[in-house]
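Participant: Fold the following for me, if possible:
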Amino acid sequence: MRLIGSRPGPNGRFVKGGTSYGGPGGSRMIGDHVLTVTERQQRRRDKIGPAAAAAAAYAAKMKWQKANPEKHRASNRRRMLKKYGLTPESYGQMWASQGYACAVCRSTAPNSSKGWQVDHCHATGKVRGILCAHCNRMLAGAVDNPEHLIRGIEYLKRAMVKAA
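Facilitator: Residues are numbered from 1 along each chain as shown. Below is the predicted model of the structure:
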């Protein structure tokens, strides 16, 4: 379709007023230069400000996550496995070896909307097991120090004796 006052742009598309009609992503043109996605994003940031651009990007991300919950969940799982150097098979084997429960409290509920959490040593990065959110926070609060946990147990025992 040729519009009045238009001229042929890249790939034979007709453009009017610097805007390409049709094509993937609605390419924008300045003169004979087609702006890349990155250039368009930078121009938007310059026009509306970095805080507004970040807010718009976040809103778009949240909208996509809400519209695609299964894809979002799968993406998070892939990211988590990659972060800890696990494969779906190694994760499955570890999970089965724990009896499909938290390695510490044996709970079968993850206690978090984010699901089960991979516990790892912060010094070495080595994966230790799969935990529920409560146990993972407990170990993180103890800063991976068994002495903190032992003192915590002793404290709880003393407090239980006083309460009885």
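Participant: mind checking how far the closest residue to His122 other than its chain neighbours is from Tyr155?
Facilitator: Leaving aside its sequence neighbours, His122 sits nearest to Asp144 (Cβ to Cβ, 6 or more residues apart in numbering; 5.8 Å). Any C-beta I mention is one placed from the backbone N, CA and C, and that applies to glycine too. Remark: distance between Asp144 and Tyr155 (Cβ to Cβ, to the nearest Å) = 19 Å.
Participant: Over to Arg78?
Facilitator: Using Cβ to Cβ, Arg78 is found at 40 Å from Tyr155.
Participant: Ser90 now?
Facilitator: From Ser90 over to Tyr155 (counting by Cβ to Cβ), the distance is 37 Å.
Participant: So between those two, which is more surrounded?
Facilitator: Counting neighbours by other Cβ atoms under 10 Å for Ser90 and for Tyr155 shows that Ser90 has the greater number, 13 against 10.
Participant: just the strands in the chain please.
Facilitator: Using DSSP state E, the strands of the chain run over 7-8, 14-16, 19-20, 29-30, 33-34, 117-120, 127-131.
Participant: Give me the packing partners of the longest one, helices and strands only.
Facilitator: When you say that, I think you mean strand 127-131. Judged by 3 or more Cβ pairs under 8 Å, 6 or more residues apart in numbering; DSSP states H and E, strand 127-131 is in contact with helix 88-97, strand 117-120.
Participant: Quickly note the distance from Gly68 to Leu149.
Facilitator: Careful, residue 68 is Asn; it's not Gly. Distance of Asn68 to Leu149, computed by Cβ to Cβ: 40 Å.
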